[in-house]
Structure formats: structure tokens, C-alpha cells
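1. mind looking at a prediction? Sequence and model below.
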Amino acid sequence: MSTDGVFKATPTERAWLQEFTHEMGACRLEGSAVERHYVDAVRTSLASNGLLHRLRIACQQNLSTDREAMGYLLVDQMLPDPQNESQFTRAATILASLLGSPFHMSRKQALWEIIAVDFSKQPYRFGGVGHNPLHIDGVNTTHPPDCLILLCRRDDPAGGGGSLVSNLQQAVEELEETDRGYLQQAIFEEGEFYDLEGVGREYRPFPVLSRFPDGIWRVRVTGKMLPGMPSCPAKDVLERLQAILEKNQVVLQLRPGQALVVNQLLNAHGRLPLGEGQERIPSSERRDFRQGFVRPDKGSFIPPYRHIEPLPLSFNMAG
Ligand SMILES: O=C(O)CCC(=O)C(=O)O
Ligand SMILES: [Fe+2]
């Protein structure tokens, strides 16, 4: 069974998802999360036919918060035709409902936030055209999303935009002891806490490293912090951590219809620069990715991590 970070669906599994997507129609949100009764309906329907057992096993093996797990899973040949936007994102919502409780982090965005090519953004930021350095999402929150899902609707016609993942637990092990100590101080800041939901409170300043009782590290890392940071000892340490992450990074060139699920305790993620000449590509043909989040819960395919208290997703502590 797949422990290599890839799950390839069979035609039967794909057909079930397509059929069920038609049956279920659109879902509503309760606060930041997909309404509970929708998630339950998806899981109940699936339980009655016993399908997708292989996907459950792949989630347990690859996405459990366990030092030995890959910490990511590329889901291939499962989602329907990405050209049909509503069917594609609805099917993704059903898939996400099996994996955990789907939610969004940004109050102003759809459940599946569009990562479009946007020339007005800083190249290294969300939607920018440059290298998006390795990071976790929700770095400045008390409860970063457990898992991130990236959907590829269209890959970059100029051949860039590969997705990056890099193992966080391994990177911490490779750090010098003094750097590890330094990064446990709550002295770091990054980003704005604005209109965020489902991720607890703002954490400012935060420690880059903190440890759970079983030894797993929470790594609040983001290379997006570095460009705007003046030279100082903290920057040097962060750069050493970033260099380890980059040395170990894996590039996954997602194809249309593929989904990448990333456990944020085990892996950082990022993006290679888009290919040259983006201005000459019509906007309807440029790279189109979507981003969503899930928290594992009782009964989800991804097992909850026992050291993180479940957070009521519809409860907005930020407001
Ligand atoms: O563009 C991408 O593929 C990922 C972007 C991202 O992870 C981010 O900006 O948070
Ligand atoms: Fe991200």
C-alpha cells in the first residue's frame, strides 16, 4: 500500500466521487467550516458502500502526525475534469470531508481560495510569480491548520510553479543545538492577523520551535519573513533553518486534477517560480491552483493528532 506519498484512484473510486458530487450539490458554511451535516452525510454514504478503504489507509500511512510518515499525499486520478469549476471544487469538498473537517482561514474567501497569477503581488507571496519560499500557513496563529490541500486546476503553461514540500522534523534534527535553543524563544513576528477564522488567536511574537510531549516539533517557519528582515542574529539562524529545508525539499509538479494534501506539522510547503513570459499568457490560460484546509476529527480518514485539542471551527476567537 502507498507509503510513498501518492494515492492513485481506480476508475471505480473516481466514478463514485463523480456520481456522489452530483447527488450532494453545493454545501454551506457554518462559520469558517463546511456544515457538519454535509460532512456527516458524505461519510455515512461512503461507509454504507465500503469504497475508498484504500484512501483511508493511504491517509493513515502518509498523513498521520508520526515522525516516520511522509507527511504529504498526492491524490491522483480522483477528482473530475478541472474544466468544470463547480463540479471540480464540489468533488474536492467531498474528498476533503473524508479527510477531515474542511474549512477556510480567510473570512473574505471562498472555501477553495483561488491562487491566481497576480502581477500586483510581491513575487514571493501568495499569488505572486516568483519563488514562494518554504513556510507553513497560519504561522502567526495559535492553531495553524493541521492540513493544507492544494488543488491544481491548471498547471503553469510556461512550465514553472512546481509545488515544494520539505520535512520539518528532519530539519530541526539537522539544526545545531544552539540554533534549536534560540528558535524556541517567542521573539518572531510575521504577517497580519486580519479576517482570519478557524485558526485560534493571533500569536505574536511566536517561537519558531515548540515541542509536543511525544517529541514532535511544531515549526512555525516561513521564508516569507526573511526578505523584509534587517540583518540581525535572528535572521542568521532563520536563514540556516531555511537552507536546511531547501536542501531537503522535494518538487512535485502537479498536473491538472491532482490534489496535494500536506500535514503542516510534518512538512513545510512552497512554490518554484512560474515560467518566463507570464505577461504573454492569456489570463484564462495561466496557472490556476486552489487552496483549502482540513482538521482531522473523530471518524476522518486522517487521524487526529492526540496532542492538539480539537478547535471548534465555527467558533471565531479572532473577532
Ligand atoms: O502558489 C502556490 O502553489 C502556493 C502558495 C502558498 O503556499 C502561499 O502563498 O501560502
Ligand atoms: Fe502556503
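-> Cool, got the structure. Ligands and ions are numbered 1, 2, ... in the order given.
2. just give the closest residue to the residue nearest to the spatial centre of the chain, not the sequence neighbours.
-> Centroid-nearest residue in the chain, with C-alpha atoms, centre = their mean: residue 148, separated by 1.7 Å. With C-beta to C-beta, 6 or more residues apart in numbering as the criterion, residue 148 has its nearest non-adjacent residue at 4.7 Å, and that residue is residue 262. C-betas here are computed from N, CA, C, even on glycine.
3. next: residue 159.
-> Residue 159 sits nearest to residue 275 (C-beta to C-beta, 6+ apart), 4.6 Å away.
4. tell me the mean pLDDT for stretch 305-319?
-> The average of the pLDDT scores along stretch 305-319 is 66.
5. that should have said stretch 237-248, apologies.
-> Stretch 237-248 comes out at a mean pLDDT of 98.
6. buried stuff in it?
-> 237-238, 240-242, 244-246, 248 (16 or more other C-beta atoms under 10 Å).
7. which of the helices or strands spans the residue nearest to residue 159?
-> Using DSSP states H and E, residue 275 sits within no helix or strand.
8. now do it against ligand 1, distance only.
-> For residue 275, the distance to ligand 1 equals 13 Å [C-beta to the nearest ligand atom, to the nearest Å].
9. what's the answer for residue 186, then?
-> 23 Å.
10. how about that residue, secondary structure?
-> coil (DSSP: H, G, I helix; E, B strand; the rest coil).
11. leaving out the residues flanking it, which one is nearest to it?
-> residue 207 (4.6 Å).
12. give me the number of residues near the one you found?
-> 17 (other C-beta atoms under 10 Å).
13. which pLDDT value goes with it?
-> At residue 207, pLDDT is 97.
14. so what's it up against?
-> 183-188, 220 (C-beta atoms under 8 Å, 6 or more residues apart in numbering).
15. phi and psi next, for the residue in the stretch 51-200 of the chain that ligand 1 sits nearest to.
-> Closest to ligand 1 within the stretch 51-200 of the chain is residue 126: 3.3 Å, counting by C-beta to the nearest ligand atom. Dihedral angles of residue 126 (phi, psi; degrees, to the nearest 10) stand at phi -50, psi 130.
16. ok, it touching residue 115?
-> Yes - if you go by C-beta atoms under 8 Å, residue 126 and residue 115 touch, sitting 6.5 Å apart.
17. these two: which has the busier surroundings?
-> residue 115 (21 against 16).
18. what's the residue in the stretch 151-300 of the chain that ligand 1 sits nearest to in contact with, if anything?
-> Here the stretch 151-300 of the chain gets closest to ligand 1 at one residue, residue 271, 3.8 Å apart by C-beta to the nearest ligand atom. Counting by C-beta under 8 Å, 6+ apart, residue 271 touches 131-132, 161-164.
19. okay, and which of these map to strands?
-> 132, 163-164 (DSSP state E).
20. what are the ranges of the helices in the stretch 1-150 of the chain?
-> Counting by DSSP state H, counting those that start in this stretch, the stretch 1-150 of the chain has helices at residues 11-24, 36-49, 53-63, 85-99.
21. with mean neighbour count, mean pLDDT and distance to ligand 1 added, can I get those in JSON lines?
-> Shown next, in JSON lines, are these (neighbours: other C-beta atoms under 10 Å; pLDDT from 0 to 100; distance: least, C-beta to the nearest ligand atom, whole Å):
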{"stretch": "helix 11-24", "mean neighbour count": "15", "mean pLDDT": "94", "distance to ligand 1": "23"}
{"stretch": "helix 36-49", "mean neighbour count": "15", "mean pLDDT": "90", "distance to ligand 1": "24"}
{"stretch": "helix 53-63", "mean neighbour count": "20", "mean pLDDT": "96", "distance to ligand 1": "18"}
{"stretch": "helix 85-99", "mean neighbour count": "22", "mean pLDDT": "97", "distance to ligand 1": "15"}
